[in-house]
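Undergrad: When you get a sec, could you give me coordinates for this:
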Amino acid sequence: MKLNHLFRLAAITVLTAFSFVSTINTALADYLSSEGMGGKYRYELWQSDNNTYYLKIWLQDASSGSRSYTTTSQFSSSRDALIYFDCNYAQRDLPECS
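TA: The predicted model follows:
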C-alpha cells in the first residue's frame, strides 16, 4: 500500500512540475493590426501580446509572399509606429517628424 501511495505522490509531483514549466514557456503571439502604404513602401502593423507594436515594411512593388524589406524595433503604441513610418518611409511632413 505504501508503494502505491508513493507512486501516486511522485506522479502528481511530476505532472504539477510539468504543468508549471509548460505554462512559463508559452509563446507570445503577434497579431496583424493594420496595413497601409505611403511613398514607395507598404507596411503591416503588428501587435504583440505584451502590447508592443512593430512594423514589417516592403517596397510597394514587392509580392505579398516575399520577405519584408525591413522589420522595425518595438514601439510602445501604434501611433508611434505609424508616425515612424510616415516620417521615415512615406516622406510625409508631419510636426512629429524631426
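Undergrad: what about the chain, any weak spots by pLDDT?
TA: The model of the chain has pLDDT under 70 over residues 1, 7, 10-11, 14-28.
Undergrad: and with 90 instead?
TA: Counting by pLDDT under 90, the chain shows low-confidence ranges at 1-30, 49-51, 60-73, 91, 93, 98.
Undergrad: where do the strands sit along it?
TA: Ranges of strands in the chain, per DSSP state E, are 30-38, 41-48, 53-59, 70-71.
Undergrad: Columns mean neighbour count on top of the ones you listed, output as JSON lines?
TA: C-beta coordinates here come from the backbone N, C-alpha and C atoms, glycine included. JSON lines is the format used below for these (neighbours: other Cβ atoms under 10 Å):
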{"stretch": "strand 30-38", "mean neighbour count": "13"}
{"stretch": "strand 41-48", "mean neighbour count": "19"}
{"stretch": "strand 53-59", "mean neighbour count": "19"}
{"stretch": "strand 70-71", "mean neighbour count": "12"}
